[in-house]
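J.: structure of the sequence below:
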Amino acid sequence: MAQARRRSGSAGTNPQVLRWLSERLSLPSLESWSTNLRTVLINLLFLVTLVVVLPLLLGQFQRDQVIIEPISVPDTLAQRGLTADVVASRVWDGLLDVKQKARTAKESIDALPDSRQVEFSFPDSGLSIESLVFHLRRLFNAYETRIGGEFVCADADCAPQGVSLRLRVIRDRVDLVEMEPIGTTDQRAYFADAGARIMALLDPFVAIAATAEDEPLRATILARHLIRARHDDAKWAHNLIGNIRINAGDIGAAIDEYRAALDADPRFLIARANLGEALRQSGDHTGARAAFKAISAVEPHNVLAAEGLANVSLDEGDVDAAIAHLLKAAEYDPVSPRYFARAGKIAADAGRGDDARKYLSQALEIDPGYPLAFAVLGVMYMATEDYESAEKIYRDAADYAPDDAEAQMSHGRILAILKDWPASESRLRRAVALDPGNVDYKVQLAYALRQQQRLDEALAVLDEAERVDANSAAVAIAKADCYRDLGRNADAIAYYRRFLELDTENSFMRPVAERFIALLSE
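T.: Residues are numbered from 1 along each chain as shown. I've put the predicted structure just below:
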């Protein structure tokens, strides 16, 4: 009976289940359910788009990027490879040259040729991030800076030497930059001048800083103009004038400028570091130490503060403290060899050879060609006649900088001391190839060839050197030695006498040349 009731009850509920399923799976219900799901998915997609794209749009909107449009060029220039996009890239190079010459930590404009922009577009929509940003800028009257223009011909023939560059810097207004005819001016210098004129409009401080080394008086006057105009970069102008003053030896005036910069912005750490250095040079070690410690209080791992404290300690004769501060600086800036090299130099001067070698080797591990570490460690090895160790560091430097002629030459000289003439010749040939106008390199190469009894090759190299500098005493005595080895005594005597004529400094080789003249004349 129970089973019958259970079967009867189960059978009784089946029509209700079927009715419920039929209602839920009906076309109107499915359509309503799919509409709701589609709405939820669209809302989620919109939310994700808002979260991802909106910050990107805002970042692009706030970015002070300068776009360099293609510059119109006449056919006479285009035929020489100066197309519209190439000229735009040359203008970009000019702006980069100005920023590099300024050597300032201040952030400047971010310029880019239009041809180098990477556009992100939404698939099948025709929309791009750039177009959205463009319309947003127009909506809020926040115009993107664009640079355009053309080369203007001086006559109907449009000779390349007579064309001049005219540029327009387009923001909320249009500024015109008129260049002189290019004439015989080097292209890089011409576009660097154009870059400086553009920078004077867009970032006047950087343009001024770029002239500080060559024209300090003019840079000071222009920086004063920024200060009087209460420009946003007035603090940087004070700091720049301070640097100019300290380079001129006017430490008191430099201190005043750095303090003025800090009055404008007490958290301007670069100016505070410069103030500390100026105070140190003035002999105020207490004030200098206070300035550097104030930087450390704001930025505990600031390398300027660590190196500044090292300099103060060194002035006070505390070698241990100076080295300790420099090692901290090396920890704060692990990719710079400067601090290990300075610690090694201080240790070497204090007679701590083992410590010096350790720190200098650490510097060379970072940069095998770093001049200070390379020079000090090389001298230490040479002084103890440890030529094998010296050869290793010179070899590493030459391998690290294969296009540095002096590095190749230095390694070639060490190999010559070790009498490894074939290896020395190889390095010296590389140096000569990199700097074919250097007579000393050719003389050293000829000496390596002479030591291998390849006298005709050595004379050929010296003939080239003589064509470069006919009045070189080094070339004259080198040729004399080669002729002597060949048994050509008359030629040898002639060149020894030529050496005596050219040797105006009374070098130690004069008695040697005079003796050979006497011997070969017998």
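
J.: can we go C-alpha only for contacts and neighbour counts from here?
T.: Will do.

J.: average pLDDT across stretch 86-102?
T.: For stretch 86-102, the mean pLDDT works out to 93.

J.: ok, residues contacting that stretch?
T.: Stretch 86-102 is contacted from outside by 68-71, 108, 111-113, 188, 191-196, 198-199, 206-212, using CA atoms under 8 Å, 6 or more residues apart in numbering.

J.: next: stretch 500-508.
T.: Contacts for stretch 500-508 (CA under 8 Å, 6+ apart): 471, 472, 473, 510, 513.

J.: coming back round to it: are any of the contacts of stretch 86-102 buried, and which?
T.: Among the contacts of stretch 86-102, the ones that count as buried by 16 or more other CA atoms under 10 Å are 68-71, 108, 111-113, 191-196, 198-199, 206-212.

J.: which parts of stretch 484-499 are buried?
T.: By neighbour count on 16+ other CA under 10 Å, the buried set for stretch 484-499 is 484, 489, 491, 492, 493, 494, 495, 496, 497, 498, 499.

J.: now it, how far from the centre of its chain.
T.: 50 Å (CA atoms, centre = their mean, to the nearest Å).

J.: which residue is nearest the middle of this structure?
T.: residue 100 (7.2 Å; CA atoms, centre = their mean).

J.: out of the buried residues of stretch 484-499, which comes closest to residue 304?
T.: Nearest to residue 304, judged by CA to CA, of the buried residues of stretch 484-499 is residue 499 at 52.1 Å.

J.: look up how far residue 286 lies from the closest one.
T.: Separation of residue 499 from residue 286 (CA to CA, to the nearest Å) stands at 58 Å.

J.: over to residue 227?
T.: Residue 227 is 30 Å from residue 286, by CA to CA.

J.: likewise for residue 451?
T.: Per CA to CA, residue 451 is found 60 Å from residue 286.

J.: which phi and psi does residue 178 have?
T.: The phi/psi pair for residue 178 (degrees, to the nearest 10) reads phi -100, psi 120.

J.: follow-up on the earlier one: who's more crowded, residue 227 and residue 286?
T.: Shown here are residue 227 and residue 286; by other CA atoms under 10 Å, residue 227 has more neighbours (17 against 12).

J.: check contacts around that one.
T.: 233, 234, 235, 237, 238.

J.: skip the chain neighbours and tell me the closest residue to the first one.
T.: The one in question is residue 233. Using CA to CA, 6 or more residues apart in numbering and skipping residues adjacent in sequence, the residue nearest residue 233 is residue 205, 6.8 Å away.

J.: burial measure for that neighbour, as a count.
T.: Residue 205: 26 surrounding residues under other CA under 10 Å.

J.: ok, residue 320 next?
T.: 14.

J.: so it, which of the three states?
T.: Each residue gets one of three states, and residue 320 gets helix by DSSP: H, G, I helix; E, B strand; the rest coil.

J.: sorry, back to before: of the buried residues of stretch 484-499, which is the nearest to residue 370?
T.: Out of those, the member with the shortest distance to residue 370 (by CA to CA) is residue 499, at 36.8 Å.

J.: for the helix or strand encompassing the closest one, output the C-alpha coordinates as CSV.
T.: In the assignment (DSSP states H and E), residue 499 maps to helix 489-502. What follows is helix 489-502, C-alpha atoms only, in CSV (Å, rounded to 0.1, in the frame of the first residue of the first chain):
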residue,chain,number,x,y,z
ASN,A,489,122.8,53.7,-42.2
ALA,A,490,122.6,56.8,-44.3
ASP,A,491,118.8,57.0,-44.0
ALA,A,492,119.0,56.2,-40.3
ILE,A,493,121.5,59.0,-39.7
ALA,A,494,119.3,61.4,-41.7
TYR,A,495,116.3,60.6,-39.5
TYR,A,496,118.2,60.7,-36.3
ARG,A,497,119.3,64.2,-37.3
ARG,A,498,115.7,65.1,-38.2
PHE,A,499,114.7,63.9,-34.7
LEU,A,500,117.2,66.3,-33.1
GLU,A,501,115.8,69.2,-35.2
LEU,A,502,112.2,68.4,-34.1
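
J.: after that helix, which helix or strand is next?
T.: helix 510-521.

J.: contacting residues for residue 254?
T.: 241, 242, 243, 244, 245, 246, 275, 278.

J.: leaving out the residues flanking it, which one is nearest to it?
T.: In this structure, residue 254 finds its nearest non-sequential neighbour in residue 242, 4.1 Å apart by CA to CA, 6+ apart.

J.: how much space between that neighbour and residue 252?
T.: When distance is defined by CA to CA, residue 242 is 9 Å away from residue 252.

J.: please say which of those two ends up with more neighbours.
T.: Each of residue 242 and residue 252 has its neighbours counted (other CA under 10 Å); residue 242 has more, 29 against 14.

J.: roughly how far apart are residue 310 and residue 340?
T.: The value you get for residue 310 to residue 340, if CA to CA is used, is 12 Å.

J.: so what sits against both of these two?
T.: Listed as contacting both residue 310 and residue 340 by CA under 8 Å, 6+ apart are residue 326.

J.: give me the contact list for stretch 396-412.
T.: Applying CA under 8 Å, 6+ apart, the set of residues contacting stretch 396-412 is 368-369, 374, 391, 394-395, 423-428, 430-432, 434-435, 441.

J.: can you flag which of these belong to helices?
T.: 374, 391, 394-395, 423-428, 430-432, 434, 441 (DSSP state H).

J.: just the buried ones from those residues?
T.: Taking 16+ other CA under 10 Å as the criterion, what is buried in the ones in helices among the contacts of stretch 396-412 is 374, 391, 394-395, 424-425, 427-428, 430-432, 434, 441.

J.: out of those, who's nearest residue 177?
T.: residue 434 (39.0 Å).

J.: how about the closest one, what does it touch?
T.: Residues in contact with residue 434 (CA under 8 Å, 6+ apart) are 403, 404, 405.

J.: can you tell me which of these has the most neighbours?
T.: Top of those by neighbour number is residue 405, holding 22 neighbours under the definition other CA under 10 Å.

J.: just the element for the residue nearest to residue 233, please.
T.: Following DSSP H and E, one finds residue 205 within helix 204-209.

J.: rounded mean pLDDT for that helix, please.
T.: When pLDDT is averaged over helix 204-209, the result is 96.

J.: ok, back up a step: tell me which of the buried residues of stretch 484-499 is nearest to residue 257?
T.: Relative to residue 257, the closest of the buried residues of stretch 484-499 is residue 499; by CA to CA it sits at 55.8 Å.
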